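Peer 1: below are the sequence and a predicted model for it; my questions follow.
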Amino acid sequence: MNAPDATLHARQQLYRDMDPHNLTPLWEVLHALVPQRPATPCVPAHWRYEQVRPFLMRAGQAITAEEAVRRVLILENPGLRGQSAVTQSLYAGLQLILPGEVAPAHRHTQSALRFIVEGSGAYTSVDGERTTMRPGDFIITPSWTFHDHGSDADGPVVWLDGLDIPMIRFFDAGFAENGTARSQEVTRAEGTSLARFGHNMVPVRHESPFGATSPIFSYPYERSLEALHRLERNAPIDPWDGVKLRYVNPLTGGYPMPTMATFMQKLPAGFQGQGWRQTDGAVYSVVEGTGTVDIEWGDKRWSFELAPRDHFVVPSWHTARLRSRSGCVLFSYSDRPVQAALSIHKEERLS
Ligand code: 1HN
């Protein structure tokens, strides 16, 4: 029952009188503050590569990598326009580098992942070691490490950047610094980190070079794919995920980055997945093959037809299902390590 008019008026007067003192009543906002289930402003969205690529190539003509510092088209969630965010906690963008270009060295507290989408032969340098980019490779830039990108390729190279920008902004913990040289000096041969840490062995005496972040900063696609294919042939297929593996920090067994989890999965040909929902909204990059993702939120429905190099986002607690007639490989990332550390991660698998 509503309160009588006189009471309501007295309340409104109370709110107006306290407002200049920066006071506001909890009881007017309590339900929104503590929702019965996640109430995200983030919505499902799909970026078809055939639509995005022409804009990327136009950006390549409009500005150099050097002038842009990073020539990136941000994938903005339609529910979060203007916030440079793909979910409430994560950033996503597609970066283009053209032959001969350099994206100059800098470092920042935000962690970044690169997932290579198109073209081979660009490189990124992390802490003095270069790594060549090839489609499907997952590459890490740990927090506060100098990094620059360059290209000796003969065509455009495009990758997905995943960063924890909104999360770091939330904590007001962002710092950045430019490098003294455009490209940092190379101090270790390519492949050194992978040899040290990426073959199920680690140096006998070592300290973690990047703190909580994995010491492997390039996870080559051929290895990920080999594992998925072998499991597809020889092991049970998960009814929700197909064959799904998470990338790992070999020193801890945990996620490769403290703020972002990364995954790669194979949907076998003919896969008709069951629905699931979880509190970590996830960004996906379609690596190979085609498929469909169906997403539900209350009485709303989305269905995205997926082609190679497409990107899409499944927001927190939205029900999603994956299907593929011909088989499909998907890379994805989310803020799961942070939710796990806070003991708030929740998942439901529907049957
Ligand atoms: C950044 O440093 C890169 O290093 C890409 O390639 C995207 C978005 C915001 C802030 C820093 C990069 C970025 C970024």
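Peer 2: Perfect, thanks for sending it.

Peer 1: doesn't Ser120 fall inside a helix?
Peer 2: No - per DSSP: H, G, I helix; E, B strand; the rest coil, Ser120 lies outside any helix segment and is coil.

Peer 1: I'd say it and Ser151 touch.
Peer 2: No - Ser120 is beyond contact range of Ser151, at 10.1 Å (criterion: Cβ atoms under 8 Å). In short, each C-beta sits where N, CA and C put it, glycine included.

Peer 1: between those two, who's got more neighbours?
Peer 2: Ser151 (22 against 14; other Cβ atoms under 10 Å).

Peer 1: next one: stretch 331-350 to chain centre, how far?
Peer 2: Taking the mean of its C-alpha atoms, stretch 331-350 sits 13 Å from the chain's own mean (Cα atoms, centre = their mean, to the nearest Å).

Peer 1: would you mind writing the CA trace of that stretch as CSV?
Peer 2: In CSV, the C-alpha atoms belonging to stretch 331-350 read as follows (Å, rounded to 0.1, in the frame of the first residue of the first chain):
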residue,chain,number,x,y,z
PHE,A,331,38.8,-18.0,-28.5
SER,A,332,37.3,-16.1,-25.5
TYR,A,333,38.2,-14.0,-22.5
SER,A,334,36.5,-12.8,-19.3
ASP,A,335,37.1,-11.3,-15.9
ARG,A,336,36.8,-14.7,-14.2
PRO,A,337,40.0,-14.6,-12.2
VAL,A,338,38.8,-11.5,-10.4
GLN,A,339,35.4,-12.9,-9.7
ALA,A,340,37.0,-16.2,-8.5
ALA,A,341,39.3,-14.2,-6.2
LEU,A,342,36.3,-12.5,-4.7
SER,A,343,34.4,-15.8,-4.4
ILE,A,344,31.4,-14.3,-6.4
HIS,A,345,31.7,-16.3,-9.6
LYS,A,346,28.6,-18.3,-10.4
GLU,A,347,27.7,-20.6,-13.2
GLU,A,348,24.6,-22.6,-14.1
ARG,A,349,24.5,-25.3,-16.7
LEU,A,350,21.0,-25.9,-18.0
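
Peer 1: enumerate the residues of the stretch 1-150 of the chain near the ligand.
Peer 2: Along the stretch 1-150 of the chain, the residues adjacent to the ligand under the rule Cβ under 6 Å from any ligand atom are Arg70, Val72, Gly93, Gln95, His108, Ala112, His147, His149.

Peer 1: burial of the residue nearest to Phe138 when sequence neighbours are not counted, as a residue count?
Peer 2: Excluding the flanking residues, the one nearest Phe138 by Cβ to Cβ, 6 or more residues apart in numbering is Tyr219, at 4.3 Å. As a burial measure, Tyr219 scores 22 neighbours (other Cβ under 10 Å).

Peer 1: ok, Tyr219 - contacts?
Peer 2: When contacts are counted by Cβ atoms under 8 Å, 6 or more residues apart in numbering, Tyr219 touches Asp137, Phe138, Ile139, Gly198, Tyr247, Pro256.

Peer 1: need these in TSV (columns: neighbour count).
Peer 2: As requested, the contacts of Tyr219 are exported to TSV (neighbours: other Cβ atoms under 10 Å):
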residue	neighbour count
Asp137	22
Phe138	25
Ile139	23
Gly198	19
Tyr247	21
Pro256	28
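
Peer 1: redo those residues as a markdown table? Include secondary structure.
Peer 2: Shown next, in a markdown table, are the contacts of Tyr219 (three-state DSSP):
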| residue | secondary structure |
| --- | --- |
| Asp137 | coil |
| Phe138 | strand |
| Ile139 | strand |
| Gly198 | coil |
| Tyr247 | coil |
| Pro256 | coil |
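
Peer 1: of those, closest to the ligand?
Peer 2: Closest approach to the ligand among those (Cβ to the nearest ligand atom): Ile139, at 10.2 Å.
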